[in-house]
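# Model the following, please.
(chains A and B)
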Number of protein chains: 2
Amino acid sequence: MAFWGRLRAHQVFGADTDVGKTIFATGLALATAACPRDGTPLAERVAYLKPVSTGPAHEADASETLIQFADPVSPHLAAVHATGALPPNATDAAIAQQVRAWLDRCAHPDAHGTAFDAAIVETAGGVHSPAPSGTSQADLLRPLRLPVVLIGSSQLGGISTTRAALESLRMRGYDVDAVLLFPSPRYQNDTYLQQLLRDELNLPVFAVGGPSAQGWGAPPMRAAHSADDVAQMRTYYHGLVHGTDEHPGLLPVVRHLRERHTARHAELTTLAPRTYAQCWWPFTQHTRYTPDDVMAIDSAHGDTFAVYDHDALRPVVDGSASWWTQCVGHAHPRLTSAAAYAAGRYGHVLFPGAANAPALQLTERLLGRTPHSFRAPGHWADRVFFSDDGSTGMEVALKMALQSAVRRYEPQPATAATHARIAPGREAGGLGGRPRREWQVLGLQGSYHGDTIGAMDACEPSIYSEHVAWYRGRGQWLAPPTLHMRAGRVEVQLPAALCTDGAQTATYASLDDVYDVAHRLEHDTLATHYRAALNDTLERLVLVEGHRFGALVLEPLVMGAGGMVFVDPLFQRVLVDVVRAREDLFAQRDAPLRTPVPHTPHAPGAWRGLPVVFDEVFTGLFRLGAASAAEVLGTTPDIACFAKILSGGVVPLSVTLATEDIFATFASSPEKTHALLHGHSYTAHPVGCAVANETLAILDTLHAQGAWHTHQRAWGRVWSFWDRAFVEQLSHHERVTSAMALGTVLKIELADAHQGYASNAAASLLEELRTHGVHLRPLGNVVYVMCSLTTPADVLDAVQTRLLAALS
Amino acid sequence: MAFWGRLRAHQVFGADTDVGKTIFATGLALATAACPRDGTPLAERVAYLKPVSTGPAHEADASETLIQFADPVSPHLAAVHATGALPPNATDAAIAQQVRAWLDRCAHPDAHGTAFDAAIVETAGGVHSPAPSGTSQADLLRPLRLPVVLIGSSQLGGISTTRAALESLRMRGYDVDAVLLFPSPRYQNDTYLQQLLRDELNLPVFAVGGPSAQGWGAPPMRAAHSADDVAQMRTYYHGLVHGTDEHPGLLPVVRHLRERHTARHAELTTLAPRTYAQCWWPFTQHTRYTPDDVMAIDSAHGDTFAVYDHDALRPVVDGSASWWTQCVGHAHPRLTSAAAYAAGRYGHVLFPGAANAPALQLTERLLGRTPHSFRAPGHWADRVFFSDDGSTGMEVALKMALQSAVRRYEPQPATAATHARIAPGREAGGLGGRPRREWQVLGLQGSYHGDTIGAMDACEPSIYSEHVAWYRGRGQWLAPPTLHMRAGRVEVQLPAALCTDGAQTATYASLDDVYDVAHRLEHDTLATHYRAALNDTLERLVLVEGHRFGALVLEPLVMGAGGMVFVDPLFQRVLVDVVRAREDLFAQRDAPLRTPVPHTPHAPGAWRGLPVVFDEVFTGLFRLGAASAAEVLGTTPDIACFAKILSGGVVPLSVTLATEDIFATFASSPEKTHALLHGHSYTAHPVGCAVANETLAILDTLHAQGAWHTHQRAWGRVWSFWDRAFVEQLSHHERVTSAMALGTVLKIELADAHQGYASNAAASLLEELRTHGVHLRPLGNVVYVMCSLTTPADVLDAVQTRLLAALS
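This next block holds a predicted model:
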């Protein structure tokens, strides 16, 4: 992630200790200086750094060093031996920062107007030797992701250590440009590796050595006299660099590394325009972009993208958690490890009628059969259905809910003979036509459930669906009361339909008060008001207007893509309660003729009124601070959908959870056509499930450790990653209509004549933030920031500071 | 993948050479024999195998060996040194087979009625040391996937080599049960690894050694006299096994391995019933299953699942390519490597307005901007849109096509003022209702495009959609002529609507003839017949019945989920041609009133008549022998969708390709609402794209090498993995109505009174094949087998033999 067009920087890793890493690094530095650029007589300036070095400083060593420990053991021991604790300049972040600064100096002209052409950063020990903090070397400078020269082992067993080291580097997303090792005529490691790595990775292996009494290879034994030693090493290095006709030396390696740098440069330069010209972005009006607007992401780490810009890679904060998927940061090594393990164990295996361990483990984690420090998001559920994204997961949820409602409320053909007369496909939907009365969903205005047609149909008509020919809004959507922080006050804003007594807002002392749903149900007059209004509305919709409902569908707490709308949780809770209490309405067979379906007593745990579907694709899994946003409502659904964070922000995966009662709708007969005939090829793919299991394990540890406790204290029972004083300050800002923060989400509503999608107020703000290294996604006149669950305080602070600056 | 409930087998890997692997393996064998089972005085019988050994056989070595080379170098050199070529018993398959047979013998009682309790298989060299064939040791016995004991390195740098070795093993899906290494007070490798691996993998590290003059650790130096050597090693091993209070020895390790075996056994025993009780399978009627019917897949490799059955893991051939996704076999190391690299480099990064290299590379590969040995499946396309599975990819395709048709054929509001009067969401679909005339698709009966509502709506009503409340068949579907091999003859069977002259079938000399579409267009009378019939049909549908069409949607060559129906390719080709020629029909504004939309001349490359959508989710990427099934039709679509094989059978990914003309529909104005407002969080996720790139690279190599050439010769220009004589034999079988084979697909239509979904004829056949280690998926009265593109001949032969046996 560190790259400058004019500086060719490489990190040198060793496959093992004692493979000649320093010899090769020194040789490469000498060869670089000795190898003129093509067509010029000019030598290159090369800088050489060992960030951390252990053992006595060697006089012949040409490198610079940031941190030196005298004890020739692993740095994590040397650091403690030397000082008893980790020096402040030897933390992982400090070392990465120092190396980045050193490279930055190399890349830019010094006082004399000259910059370096090449830089070599040599790693201590093997690929996984511990840094002073104990972190693996392979992880230590991963934020820089320098291209790698791997020094392989020419010893017996060296094929194995070299290949294993290479795999560990690749698992961390490094580009390995070359493998160097001493020739090994006896073991032929070089020959073997050359063929293997050319075939599999197009990666060249250079077998290079210098002259010694044993032939061309490793350096000679140390001479008895120091002067002799210097002389023989000078000869050795000259041979290592320049070689002979028979032994090529390191000059071809330098030329190869230059070619790779040129190729990488060309790739970075063209990544944006080629993508612009050939890819079709999701949810994007291409004509609003030029190639220069494209964010060319070279790689990512933690909360940061490395973005190619002005001929260098620059760190940019991923302020939308990559479309709300990130929770433990990009490229987390444990998630990579879990994905690789599952890919290596299964690849994918089909799921119908079958079982695989990662899918079962995930099922049991979600249902709470496995102990966690938090209440399982599906503790109320009995079954897990897998699909590929939030949209497919919601289609599954809708099929589950609608079929359950149809089964209970639709008059069935009286006899088998009647049934036989109905042609296949005609019973429910009819051939190409619509039934007399549509099965509708009940929902909220502003909700969003995905972009497949079924998921779109569950949302109210909007400019999103305006041009979708097959879109049919199949529902009734109520205007919800919404939550805002305005000038420091916490307000519930009532929609027109709920403003019967003239009051448009209700004010609360704190977010804790608003989110204390149990208390408000008893003591807040809004509860009574909501209950009465919802009963009236439902009676009108069913008895007067004759709508027929098959599901209540909600995003608990926050409607995401609809504008990051914070809904009054009390309203959602009362809505669920009223829907469950009014089976008399939903059982109307032919309203407004008012003939209810005969009442069948329900089994315990059976759904009542309507199947309640919670879309927790965005809200779930701690995005808003709780494992399930439904927890805050103090109720449970009959069906719920999770995705995004579920698979750790690595690969697509979604789950739809359901109660046994819903399941029984589909599994109460031997008829295959009664089953939920939905499936995708990669259903319950082990890679996604394994990553999800590891994600939940990491979140469990963080939760158990109280990793979010400091945030919790600042806010009360509800908590946010965003500083309370900062959010209040925002809510007073003249350009800000309202602010809100919960869990990882910060929302700022900007003052703009144009509400919603048509607003341009946010665009200029986002543009300015982008130039200051923060990337946010537009959402009408709303600006939101979303961090992961591991975003460090300094990143949060920096974003807050930049937001305030950009608003001023 | 080798497991017997009563045999505890482990494979011992070394992190490096010379880490004490044989010492520990011998020690474990001794400790196993010395450690009575809990609560009993009984010793365990332990067997110990070194499958491949190099160097002189050591008299003190207690192990058995299958293959011994005298030269103490890596086996891949020793094999060639010894014999000049690879001995037949030293191929990868032969070694795995011999080890499996050895383990099988261990697991079963011998002539004396005793079986072994434990088995130790020791690997030569480090984890990646080459086997005699050159294959890595980590890959060699991967088909057996024995749980692993990893011997770590206690030397300087040993943390790195141990951790790298562990990662290489995990990338291949091994379960590592324990890490053993000698204590290393100076470097403290044991302490470091203990903490790291407990935290990250819950993996215990045992630091164990025996007594020597240097303290407890590695064995003493060899004594000068042989007798002394034996004595001191006896003392050493006694200490290593039994330890002291201070130095625990290997007995706790044996107890731990027993616990792991017990836990693994419990997991395997409960995998099926727990999945049965808590998961909700796709496309499955649960009531038709008992827990015993569940296929408990422990892992997979190549074409084979390891399935837990009768208290052992048994190899079962994956005869449906895991729902048609597999192409280079399960758990291919190069695909794992690609997935791990992308996960380590990015995790996932959002895609709108952004770029990442794997997505761009895949785009350019698909569009043919990158050289391949085959014609790129999207050589005709200009843009790539990414989504998550075939169903979402087809929803995208439908949106692309319908919006393009609406744009061209729908009368637009005359003025901005008119436009402004139309409320959002009402223009295209109307609020909750259906427009006066539905935009329909034109397709074929029996087609299938996925299970989201939009994709379902593009398919004719069927028992699949009978109970889906929101399903609307929005199209007209024509009955297609189909292709069959019957009693050795190749026949095209005409549907009733095409039997005007009384002939119901046309017979061809070979499949090559049927698939020579260019020749048939000129010379086959059916071409004229199809053309006339299709013109008549379209005129009736549009001018008489007044249907309005927005797309032609086809699965080229074979309709998969609809029953593996082979469609006459000439019919599909003529259909495309006729649709493109009849813009006069599709431009009818208000048929049957017959007022055509004013004709606008099209740009070159523009779609004509209707946007043509090819659903190649199943048919594409060599599944049927060609990179794109459309190639065989000799035409190109305007939009096409690929998935399944695309991502190598590892993780979900799909692409929808389109021409620039289609793209321009959405990118011809700055209006965001004109854009294709469709997207999923993980759009163009780098892991999936990287795996897809690697898959295409592997297929490119196989294609360039003519890997399928032998098959091609047997069949002619079209080819199949299935033996031609075998397929002809099948087509003569009395229980078989017809057979067909193309590419990787073999289809057998069984004689059964019940056609299609309701048929039970296949069920008993599949059940019998399952008991013989071949797993197939049911599809009505059709039995199909689908292999990958690398399935070896012996697997194909075995399946063919078992199929014939099961039919008899």
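
# In terms of helices and strands, where is A:Ala306?
Using DSSP states H and E, A:Ala306 maps to strand A:304-309.

# Now do the lengthiest helix in chain A: distance to the chain's middle.
Counting residues, the longest helix in chain A under DSSP state H turns out to be helix A:251-278. Put simply, helix A:251-278 sits 27 Å off its chain's centre (CA atoms, centre = their mean, to the nearest Å).

# how about the residues of the stretch 551-700 of chain A near chain B?
Proximity of the stretch 551-700 of chain A to chain B (CB under 8 Å from any CB of the partner chain) is limited to residues A:643-644, A:648-652, A:656, A:658, A:663, A:666-685, A:687-688. Glycine gets a C-beta too; all of them are placed from N, C-alpha and C.

# Which ones among those lie within helices?
Per DSSP H, those map to helices at A:Phe663, A:Phe666, A:Val687, A:Gly688.

# Would you mind checking the residues you listed for buried ones?
Neighbour-count burial (16 or more other CB atoms under 10 Å in any protein chain shown) applied to these gives A:Phe663, A:Phe666, A:Val687, A:Gly688.

# Now do the contacts for the third one.
If I follow you right, that is A:Val687. A:Ala339, A:Ala342, A:Ala343, A:Tyr346, A:His348, A:Val651, B:Ala339, B:Val650, B:Val651 (CB atoms under 8 Å, 6 or more residues apart in numbering or on different chains).

# Tell me the predicted confidence for it.
You'll see A:Val687 listed with a pLDDT of 98.

# before we move on, the earlier item: between the buried ones among the ones in helices among the residues of the stretch 551-700 of chain A next to chain B, which is closest to chain B?
In terms of CB to the nearest CB, no member of these lies closer to chain B than A:Val687, at 5.2 Å.

# before we move on, the earlier item: what are the contacting residues of the strand holding A:Ala306?
A:1-3, A:143, A:145, A:268-269, A:271-272, A:295-300, A:313-318, A:330, A:775, A:795, B:349.

# same thing with stretch A:476-483?
Contact with stretch A:476-483 is made by A:440-447, A:459-460, A:490-498, A:514, A:526, A:530, A:534, A:537, A:541, A:547, A:549, A:565-568, A:571-572, A:575, A:740, as judged by CB under 8 Å, 6+ apart.

# From those residues, keep the buried residues only.
By 16+ other CB under 10 Å, these give A:440-447, A:459-460, A:490-494, A:498, A:514, A:526, A:530, A:534, A:537, A:541, A:547, A:549, A:565-568, A:571-572, A:575, A:740 as buried.

# Filter these down to just the ones in helices.
Per DSSP H, the buried ones among the contacts of stretch A:476-483 map to helices at A:Val514, A:Leu526, A:Tyr530, A:Leu534, A:Thr537, A:Phe571, A:Gln572, A:Leu575.

# I'd assumed A:Thr507 was in contact with the second one.
It stands for A:Leu526. No. Using CB atoms under 8 Å, A:Leu526 is not in contact with A:Thr507; the gap is 11.6 Å.

# where do the contact lists of these two overlap?
A:Val492.

# so who does the residue of the stretch 551-700 of chain A found nearest chain B touch?
Proximity of the stretch 551-700 of chain A to chain B (CB to the nearest CB) peaks at A:Gly679, 2.7 Å away. Contacts of A:Gly679 were listed using CB under 8 Å, 6+ apart, and they are A:Phe351, A:Pro352, B:Trp281, B:Pro282, B:Phe283, B:Thr284, B:Trp323, B:Asp451.

# does any part of the host helix or strand of A:Ser160 sit near chain B?
Using DSSP H and E, A:Ser160 sits within helix A:158-171. Yes. For helix A:158-171 and chain B, the contact criterion (CB under 8 Å from any CB) is met by A:Ile159, A:Ser160, A:Thr161, A:Arg163, A:Ala164, A:Ala165, A:Glu167, A:Ser168, A:Arg170, A:Met171.

# which helices and strands does that helix pack with?
With contacts taken as 3 or more CB pairs under 8 Å, 6 or more residues apart in numbering or on different chains; DSSP states H and E, helix A:158-171 sits against strand A:8-14, strand A:148-151, strand A:176-181, helix A:189-201, helix A:333-345, strand B:118-126, helix B:158-171, helix B:333-345.

# Output the third one in CSV with nothing but the alpha carbons.
Once non-C-alpha atoms are left out, strand A:176-181 reads as follows in CSV (Å, rounded to 0.1, in the frame of the first residue of the first chain):
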residue,chain,number,x,y,z
VAL,A,176,6.0,-11.6,-4.6
ASP,A,177,8.1,-10.3,-7.5
ALA,A,178,11.0,-12.8,-7.4
VAL,A,179,12.5,-15.6,-5.4
LEU,A,180,16.2,-15.6,-5.0
LEU,A,181,18.3,-18.4,-3.6
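
# Pull up the pairing partners for it, direction included.
Partners of strand A:176-181 in the sheet, by DSSP bridges, are strand A:148-151 (parallel), strand A:205-207 (parallel).

# A:Lys747: which of those is closest?
A:Lys747 lies closest to strand A:148-151 among those, at 41.4 Å (CB to CB).

# mind checking how far the closest one is from the chain centre?
Offset of strand A:148-151 from its chain centre (CA atoms, centre = their mean): 29 Å.

# per-residue confidence for the most far-flung residue of chain A relative to its centre?
Distance from the centre of chain A peaks at A:His225, with 58.7 Å (CA atoms, centre = their mean). At A:His225, the model reports a pLDDT of 85.

# again, but for A:Gly430
34.

# Could you do the one 5 residues further on as well?
Per-residue confidence (pLDDT) for A:Pro435: 47.

# now swap in A:Ala57 and tell me
Looking at A:Ala57, the pLDDT reads 67.

# ok, back up a step: looking at the helices and strands packed on helix A:158-171, which is buried most?
Across those, the average number of neighbours (mean count of other CB atoms under 10 Å in any protein chain shown) peaks for helix B:158-171, which reaches a mean of 30.
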